[in-house]
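Asker: Have a look at this fold, sequence not included:
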């Protein structure tokens, strides 16, 4: 699972993360939703639509990385999506225009 998350982050950000970085980030206390929601609310207006969509899509990839998604993870995902004001189309990766490319 850690390697899969490292791959997702590399794909989305272009940066390498150590296994230790991933393990630290996975600690349950980092799900402290009140602090995270406050932070996301403060930065969401500074993010482009594309950045917000990328964040929520990467979060979904990470949650699916172990092939099991819990109810708590879904609640967390929905909370992040709501705080970022991400639309269902953005979550699905849909945008207007030519889709053949």
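Answerer: Okay, I see it. A quick note: this is a predicted structure, and the numbers were derived from the prediction, not measured. Residues are numbered from 1 along each chain as shown.

Asker: which residue sits closest to residue 4 in space, ignoring its chain neighbours?
Answerer: residue 65 (4.2 Å; C-beta to C-beta, 6 or more residues apart in numbering). (C-beta placed from N, C-alpha, C; glycine too.)

Asker: what about the one you found, distance to residue 8?
Answerer: Per C-beta to C-beta, to the nearest Å, residue 65 is found 7 Å from residue 8.

Asker: When those two are compared, which one has more neighbours?
Answerer: Each of residue 65 and residue 8 has its neighbours counted (other C-beta atoms under 10 Å); residue 8 has more, 20 against 17.

Asker: Please tell me how far that one sits from residue 98.
Answerer: Distance from residue 8 to residue 98, by C-beta to C-beta: 27 Å.

Asker: Repeat that for residue 54.
Answerer: Applying C-beta to C-beta to residue 54 and residue 98 gives a distance of 20 Å.

Asker: pLDDT weak spots in this protein?
Answerer: Residue ranges of the chain with pLDDT under 70: 25-34, 101.

Asker: give me every residue that touches the residue positioned nearest the centre of the chain.
Answerer: For the chain, the residue nearest the mean C-alpha position is residue 59 (2.3 Å; C-alpha atoms, centre = their mean). Taking C-beta atoms under 8 Å, 6 or more residues apart in numbering as the criterion, residue 59 is in contact with 77, 80.

Asker: mind listing what's buried in the host helix or strand of it?
Answerer: Using DSSP states H and E, residue 59 maps to helix 49-63. By neighbour count on 16 or more other C-beta atoms under 10 Å, the buried set for helix 49-63 is 52-63.

Asker: how many degrees apart are the following helix or strand past it and helix 49-63 in direction?
Answerer: Of the helices and strands lying after helix 49-63 in sequence (DSSP H and E), the nearest is helix 71-84. Put simply, helix 71-84 runs at 170 degrees to helix 49-63, going by axes from the mean of the first three to the mean of the last three C-alpha atoms, to 10 degrees.
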